[in-house]
Structure formats: C-alpha cells, structure tokens
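Participant: My questions concern the predicted model and sequence given below.
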Amino acid sequence: MVSQEQRRRQLAREKFLRQQQRRTSARRKARMRNSVIASVLGVIVIGSVALYTTGVLKNNDDKANASSETTPSASATSKAPDPCEKAAAGSVKKMSWKKEPAMTIDTSAKYTMTLSTTCGDIGVALKTSAAPHTVNSFNFLASKGYFDHSKCHRLTTNGIYVLQCGDPTGTGSGGPGYTIPDENLKDKSLKGGVYPAGTVAMANTGQKHTGGSQFFLVYQGSQLPASYTPFGTVDAAGLKILKKIAAAGESTGQGDGAPNATVVINKATVTKS
C-alpha cells in the first residue's frame, strides 16, 4: 500500500516531468521560430549585399557600370520634357578588334574630342601625355566611326552624377573587343576621392585594366574610388549640356537608369591641336 509520503513524492515527480516536457516543447518551438527568422533575415541580407555589390560604373557585361562603386537609392523624379533633338540619320556600325590598336598619336601633342550629340556639342580636352593608351584608343575608334549613332545609355542622379556612353549596343555590355590599361589614377584633379564636375573617365568591369570603349562624363562632383582612368575634361558649354540632360532625369526614378533625354552621339571626332 502506497503511503501518503510516497504519493506526495510521486505527484511531485510527475509535476516535474510535466514541467520538463513543457520547457522542452517551448525550446523546440523557439528554435523553429528563430530558424525561420534567421532564414528570412538571411534572404534580406543576401539581397542587400547583392544590391550593394552591383557596380555603378562598369561595362555592364558583369553588371558597373563603374561602377564600383554603388549608387544609393533615390527618390522618384518627375519626367521632364526631352531637351534633345532627333538623331541624325544613320545606324551604329558593328565593329570589333582582337587587340588594342598600335600607338599612332603624338603623345607630346594636344588632342581634343568633340561629341556631336542630339543635345549639343560636347567638347573634351584630352589628357594625352597622362593617358596615352586611352587617348590613342579613342582616336582610333572615333576614326572608324565606332561611336557614331550610339546612345548614351546610363544616367545616375543620386550619390554619383554621371552620364555613361560609348557602348554601340546601348545595353551597357558592349565593347570594342579589346581592353586598355588603367592610366592616370593619381591625377591631381582627383582630390578627396572625388571626381570633379567636367571629368571624363573610363568605365570598367570592376577589375584592373578592363577599360574598353565605355566612358562617363561627370556633371557634378562624385565620390568614387580612384580606379577609373580620367582622360579628359569637358568644356564649359559641354558641362551645361550635361546638366540639361541630367535635369530631365532618368527612366527608373531610382537614380540610375536610361536618361529620359534622347542622348545620341551623332558623331565623335578626335583632332590634334
């Protein structure tokens, strides 16, 4: 016969077991809940990292445009009237070369590039002695009509302020088939990690020595790492044109997309002065 003391101990033991079961069950539920939360946060973090590491000023075959180099999110902008005119008759030529062209420019001379666009003529003083490979490549490509009738495919309006051009495909993934080395990355104009307004620099894939034909024109000082070859400076009239293009905004309303303005390079020329 079970004594009163034995019964009391049995009830206490059963109560303890029930408490242990409840605690075990609670821990199991907590682990499941934390696992779900961690999974969700993991997806968010991965997505955020993917967005963060998308290059801004790249040749976008690995898109970055950049770029390097990220563009912060921007508030939507209202679409302004197109400030540019109809493009000249003609079409882009499909051209490609296997290697960088031989050096044909006089590296001690001054050269200028004129981008005759639907929005006006943009003059660029080229930094021949500081970036000879780049200037030589642009002289070669312009002489072949490589840039003619091509669209400037990208405008950034928040964080960095550039118009990107030089891709005949208009997709951000085109190039001449060859690459050129980085140059002039210690240019005195690049102070405090800022590419000043008027700078013309090479886009790349985010890796060293991967410049091709894509380039960007800075219309407002932009904080960027010194990894994009600065090879020219836009004249005052050209800078006004760039600001006019920027004022029209870009297509996504997020600060990085195709320009609302119809920016087409009708013809690009490089001349020795």
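Facilitator: Sure thing, it's come through.

Participant: Now do the helices in the protein.
Facilitator: 4-52, 132-143, 236-247 (DSSP state H).

Participant: Out of these, point me to the one whose mean pLDDT is lowest.
Facilitator: Averaging pLDDT over each of the helices of the chain singles out helix 4-52 as the lowest, with a mean of 48.

Participant: For stretch 136-152, buried residues please.
Facilitator: Judged by neighbour count using 16 or more other CB atoms under 10 Å, the buried positions of stretch 136-152 are 136-142, 145-152. Where C-beta positions appear, they are placed from N, C-alpha and C, glycine not excepted.

Participant: Just the terminal-to-terminal distance for it.
Facilitator: Between the opening and closing residues of stretch 136-152 we find a distance of 21 Å, counting by CA to CA, to the nearest Å.

Participant: for that stretch, the distance to its chain's centre please.
Facilitator: Averaged C-alpha coordinates place stretch 136-152 at 21 Å from its chain's average position (CA atoms, centre = their mean, to the nearest Å).

Participant: which of the buried residues of stretch 136-152 lies closest to D182?
Facilitator: Checking the buried residues of stretch 136-152 against D182 by CB to CB gives S137 as the nearest, at 12.6 Å.

Participant: correct me, but the closest one touches K99?
Facilitator: No - if you go by CB atoms under 8 Å, S137 and K99 don't touch, sitting 11.1 Å apart.

Participant: What's the local residue count around P181?
Facilitator: As a burial measure, P181 scores 14 neighbours (other CB atoms under 10 Å).

Participant: Also G206?
Facilitator: By other CB under 10 Å, the burial measure for G206, its neighbour count, is 22.

Participant: again, but for P225
Facilitator: By other CB under 10 Å, the residues close to P225 number 14.
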